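Engineer: Show me how the following folds:
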Amino acid sequence: MSPLQRRILQACLYEGIAIAVVTPTLALAFSHPPGSAFVLAAVMSSIALVWNYVFNALFERWEARQTVRGRSPKRRLVHGLGFEGGLAIILMPVMAYWLDISLWAAFVADLGLLAFFFFYTVGFTWAFDRIFGLPASAR
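Structural biologist: Numbers count the residues shown, from 1 in each chain. Okay, the predicted model is just below:
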């Protein structure tokens, strides 16, 4: 599989699962109708999809220059922190606007999502690599 195909497949699978989990969570946590929560989840997912592609391209470019190959637990944690930290900064204003809350309240609300998504990102990437193999940058 080419690097482009791999990134697209990884991002689409990741975001599809994320929408399925986040929609009911947002609806319950913020007392929004499921339709509204779905649209917010889809908007956030669309933003995350672009960020996923960009971040993984940058991460793999960095990874290819490293002398130590493979994806150790430490490298996977760095990957998860970088992806989720960047996404949190990008999504806070979106959540604040959609939910009509302050940026601080959006940050606090985002902490719960970040906790879930940090572990989800690390676990998903590990499972994806086990099923589809490591990218060329990590071999």
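
Engineer: The most far-flung residue of the chain relative to its centre in helix, strand or coil?
Structural biologist: For the chain, the largest distance from the centre (C-alpha atoms, centre = their mean) belongs to residue 67, which lies 26.5 Å off. The three-state label given to residue 67 by DSSP: H, G, I helix; E, B strand; the rest coil is coil.

Engineer: Show me where this protein has its helices.
Structural biologist: Taking DSSP state H as the criterion, the chain carries its helices at 3-29, 34-64, 73-99, 103-132.

Engineer: Kindly reformat those helices as TSV and extend each row with mean pLDDT, mean neighbour count and distance to residue 139.
Structural biologist: Backbone N, C-alpha and C define where each C-beta goes, glycine included. Shown next, in TSV, are the helices of the chain (pLDDT from 0 to 100; neighbours: other C-beta atoms under 10 Å; distance: least, C-beta to C-beta, whole Å):
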stretch	mean pLDDT	mean neighbour count	distance to residue 139
helix 3-29	89	16	12
helix 34-64	90	17	10
helix 73-99	89	16	13
helix 103-132	88	15	11
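
Engineer: Just send these back as CSV, with distance to residue 138 too.
Structural biologist: Formatted as CSV, the helices of the chain follow (distance: least, C-beta to C-beta, whole Å):
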stretch, distance to residue 138
helix 3-29, 11
helix 34-64, 6
helix 73-99, 8
helix 103-132, 8
